[in-house]
Each structure stands twice: as C-alpha cells, then as structure tokens.
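> this is the structure alone, sequence omitted:
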C-alpha cells in the first residue's frame, strides 16, 4: 500500500472510527431510557452455552476493522470498502432507532482477566443495539478484504470469521434473529457499492430523470411511516432498501446498480432486494397488457416486444425466424433462451447518450446478419423503440436530410407499426446528435 493510500486509509479511519462509537454508543444509551423495548428470540437459544474465551475473537473484530482499511490496493477498492462500512453503520443505527430490541438473557459474570475485560466492555455496550448485528455485518465486509488480500490462507480467514459470528451468541451479545437480519444489510451494502461495476455498465450516463427524486421521496415517506408504525414498520424495511438502490441508480446515473450481467441474469441477492420494485412493475405491466400488442415488426426483420416469458419468446422466435434478442430492461432477469442474447442496461425513462445509441444500432445490425432481431423492454413502448430508431437513423438511405427530419421520419415509420410507441424530447435530441455524428 503506497503512502497516498495509507493517508486515505487514515482519513477514512478518522471518519468511521469516531463515527461508529458516537452513533452506536449514543443510540445504545438512548434506547436504555426508552419504555417498552422488546426482546425477540427462540426458546432453544437458552441452551447456547457461555464460552468465555470466545470474547477474545469477538473483540478482535476491531483490529480487523482497522486493518481492512489499510489492506486495499487501490483508491477505488478502499473507497468502496469504506462506503460499505459507513452504509452498514448508518443502516444498523437507523434500525436500532426504529425497532429497538433488548437482549433477553442475563449476562453471566466471567472470571479472570477475560471477566475484567468483559465487565469494562459491557459498560459501553449496553444490551440494546441488537438487530441487525453490526458485528456480523462488519465481520463479513472486512473478511472479504482479508480473503482477497491473503488468498493462500482464505480457509483459515473464513474459519476465523465464522468463529466471530458464533461468538456473538456464545458471549451473550446477540440473539439468532440479529444474525438473520444482518443478511439483508450485507446484501444491501454489496448492491449499493458493487465490485467491478464495469461488468454491468453497458449504458450511457448522460443526464438523469425525475424518477430518481420519486424513489428518494418514496424512501423518505416509507421511513417516516415506519417510524410512526413502531415495530410493525419493520414490514417497510424491504421496500425502503429497494427504493434506496433505485434512487441511487437514477440520481447517480448508475444502471450497474441493478447488477444485470452481460448474459442477462441478475445477481441473486440484488434480484431479491429489488423484488418489491419489480413486483409493482410486473403488476403495472400486467394491467397495461390489453393496451399493448405483444410484438410488432417495426422494421424489416426487426421486432419490438414487451417483456416475454421464456416459452413465449421461443414460440415467436420459431414463428418469425428470430435469432437475436436485445434486452433493454435491466430491472428484470432475462428469460432463458437458446437465441443470441444481448443486454443494454438502460434505466426506464432515463436519457441515453449518443455512444449508447450507436452501440445499440450496431447490435441490431449484427443481429440482422444472423436472422430476425427482437428488441424487448418492459412494455415495448420506449426503450426498445429507441433501439430500433437508433438503427433506423444510422442505416437510413436519405443521407442528405436534416437530422430532425430523419428522426421524425423514422419515428413515423415505427409508430405506424406500433401505434403507442413513445419518443421523448431528450431521446429525440440524442437521436439527432447521432445523425449528426
């Protein structure tokens, strides 16, 4: 690690260290003054034994926390890791405030020097900050760095991390529910700051849309509602996490946060996190079915369709000799298909830049050399139409026409085949720039 990274690591440590103790300690002591704090546990947890020496690995997580900030080999890796830790701390503290829990069993006294250490520790760590277990979350996030940097002893590192997670139970710091609720926060941190985001990044970043503010507003509304509902508000935790991911994807122009790979599959935990959003979109799509044709041939051998199931896609492919699918809906997992498949991660309603349009036109041209091309998005009204328009204006025969005229002619041709196709002002401008380039 070079000197600049060491300095950057120290800066992050000066933020995360005091920030953790300030937030965690303040909320813990505040919760101690609240009335009606409940406990959640399974009765069988009473047989979990107290293992005094497990308190040592439990405390040594602090060393891993600090060391992980100085084991990163690049600025991007360090910043990504530190931001994950920051998100984990803030998310955990919010949960402690909204849904406080109390450890149910009496913490027994430990003997010897371990007992003295334990006694000093519990004076700070009151038994209230329970679910999700920040100890488990930080163990996973820091363990990833250790495994990546020390691959030859990865098995020993994983065993050590497993021991730390077990120690939260055997030192009477947490209940099992605290470990379970840590899992979605881990997934959320990984989703919000993905490793190697370039493998998902296949769209332009030119501008943003009001949709991002809509998701941000939903997040704040759900948080306020969750605070008002008390413990029942935990039901809103899932849509809150989903809305935060979507808000960041739109506001920061990061379609890679939907984690759709080149082969069209989404990372499993992101697919799970975004389920509340995709469920609503599926319901909207279903309610709109009767207004939209399944597919239309908008250009010779180029078909535009709403999102199809695997079975329906294969049926239409056989019927119309379609050999290539271009998927422009990163919010959905791709259908299983034996056809040539390409994905374009274009966020719905969001502007697309000229380079992305040029790439889309090239994909259509490449697909036509193999047979028919089907372009699909959620409803087949906007993003898929934009891909077809990009190909049409690039390959149009009227080379001397003004860009605006070429775009309008191409749009009129496609709209005559798919009458409810939509072309927005920003998209029209991007197409005109494509014609001029």
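Yep, that arrived. Values in this document were obtained by computation on a predicted structure and should not be read as measured data. Numbers count the residues shown, from 1 in each chain.
> can you name the next helix or strand after the least confident helix or strand in the chain by mean pLDDT?
Every helix and strand in the chain was compared by mean pLDDT, DSSP states H and E; the lowest is helix 112-124, with a mean of 65. Using DSSP states H and E, the helix or strand that follows helix 112-124 in sequence is helix 134-149.
> list the buried ones in that following helix?
134-146, 148-149 (16 or more other C-beta atoms under 10 Å). C-beta: built from backbone N, CA, C; applies to glycine.
> stretch 92-104 too?
By 16+ other C-beta under 10 Å, the buried positions in stretch 92-104 come out as 92, 93, 94, 95, 96, 98, 99, 100, 101, 102, 103.
> so the fourth one is in which element?
Assignment of secondary structure by DSSP H and E places residue 95 within helix 75-98.
> any stretches of this protein with poor pLDDT?
Applying pLDDT under 70 to the chain picks out residues 1, 110-125, 197-209, 397-400.
> so which helix or strand takes in residue 298?
Residue 298 is part of strand 295-299 when elements are defined by DSSP H and E.
> also compute the angle for the helix or strand just after that strand relative to strand 295-299, please.
Sequence-wise, the next helix or strand downstream of strand 295-299 (DSSP H and E) is strand 302-306. Interaxial angle, strand 302-306 versus strand 295-299 (axes from the mean of the first three to the mean of the last three C-alpha atoms, to 10 degrees): 150 degrees.
> make 45 the starting number, not 1.
In the new numbering, first residue 45, that becomes strand 346-350.
> so which residues of the stretch 145-294 of the chain form helices?
Secondary structure of the stretch 145-294 of the chain by DSSP state H, counting those that start in this stretch: the helices cover 156-168, 178-193, 198-214, 220-236, 254-273, 281-295.
> residue 338 is nearest to which of these?
Between residue 338 and the helices of the stretch 145-294 of the chain, the tightest spacing by C-beta to C-beta is seen for helix 254-273, at 25.8 Å.
> report the contact partners of the residue most central in space within the chain.
Nearest residue to the geometric centre of the chain (C-alpha atoms, centre = their mean): residue 235, 3.3 Å. Counting by C-beta atoms under 8 Å, 6 or more residues apart in numbering, residue 235 makes contact with 289, 301, 303, 311, 313, 314, 317.
> give me the neighbour count for the closest residue to residue 401 other than its chain neighbours.
The shortest distance from residue 401 to any non-neighbouring residue, by C-beta to C-beta, 6 or more residues apart in numbering, is to residue 434 (4.2 Å). Residues lying near residue 434 (other C-beta atoms under 10 Å) number 27.
> and if you look at residue 382?
10.
> over to residue 362?
Burial measure for residue 362: 9 neighbouring residues, criterion other C-beta under 10 Å.
> what about it, which SS state?
helix (DSSP: H, G, I helix; E, B strand; the rest coil).
> what does the helix or strand the residue nearest to residue 401 falls within rub up against?
In this structure, residue 434 is located in helix 427-439 according to DSSP H and E. With contacts defined as C-beta under 8 Å, 6+ apart, helix 427-439 is touched by 342-343, 346, 348-349, 370, 372-373, 388, 390, 392, 396, 401-402, 404-405, 407-409, 419-421, 447, 450-451, 454-455, 457-458, 462, 465-467, 471, 475, 478-479.
> distance between the helix or strand just after it and the chain's centre?
Following helix 427-439 in sequence order, the next helix or strand is helix 447-461 (DSSP H and E). Relative to its parent chain, helix 447-461 has a centroid offset of 36 Å by C-alpha atoms, centre = their mean, to the nearest Å.
> helix 447-461 to strand 346-350, inter-axis angle?
Here the directions of helix 447-461 and strand 346-350 differ by 70 degrees (the same axes, to 10 degrees).
> I would like the residues contacting helix 447-461, please.
Outside helix 447-461, the residues that touch it by C-beta under 8 Å, 6+ apart are 340-343, 348, 429, 432-433, 436-437, 440, 442, 445, 465, 467, 472, 475-477, 479-480.
> what about residue 481, neighbour count?
For residue 481, using other C-beta under 10 Å, the count is 11.
> quick check, it in contact with residue 398.
Yes - contact between residue 481 and residue 398 holds when scored by C-beta atoms under 8 Å: they sit 6.0 Å apart.
> look up phi and psi at residue 397.
Here the main-chain torsion angles of residue 397 (degrees, to the nearest 10) amount to phi -90, psi 170.
> distance check, it against residue 219.
Here the criterion is C-beta to C-beta, to the nearest Å. By it, residue 397 lies 50 Å from residue 219.
> which of these two has more neighbours?
Of the pair residue 397 and residue 219, residue 219 is the one with more neighbours under other C-beta under 10 Å, namely 25 against 17.
> SS state for the spatially closest residue to that one that is not a sequence neighbour?
Nearest non-adjacent residue to residue 219, counting by C-beta to C-beta, 6+ apart: residue 85, 4.1 Å away. Secondary structure assignment for residue 85 (three-state DSSP): coil.
> identify the residues contacting residue 85.
Contacts of residue 85 (C-beta under 8 Å, 6+ apart): 148, 219, 220, 221.
> could you dump those residues to a markdown table with distance to residue 65?
What follows is the contacts of residue 85, written out as a markdown table (distance: C-beta to C-beta, whole Å):
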| residue | distance to residue 65 |
| --- | --- |
| 148 | 25 |
| 219 | 23 |
| 220 | 26 |
| 221 | 25 |
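> tell me which of these is nearest to residue 99?
Closest to residue 99, out of all of the contacts of residue 85 and judged by C-beta to C-beta, is residue 219, at 17.2 Å.
> what's near enough to touch that closest one?
If you count contacts by C-beta under 8 Å, 6+ apart, then residue 219 has 83, 84, 85, 86, 89, 145, 147, 148, 174, 175, 213 around it.
> let's see that with 7 Å instead.
By C-beta atoms under 7 Å, 6 or more residues apart in numbering, the residues touching residue 219 are 84, 85, 89, 147, 148, 174.
> now those residues as CSV including distance to residue 125?
CSV is the format used below for the contacts of residue 219 (distance: C-beta to C-beta, whole Å):
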residue, distance to residue 125
84, 31
85, 32
89, 32
147, 29
148, 34
174, 25
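> need the max-distance pair from those residues.
Applying C-beta to C-beta across these, the maximum distance is between 89 and 174, 12.6 Å.
> more neighbours, the two?
Just comparing residue 89 and residue 174: by other C-beta under 10 Å the higher neighbour count belongs to residue 174, 28 against 15.
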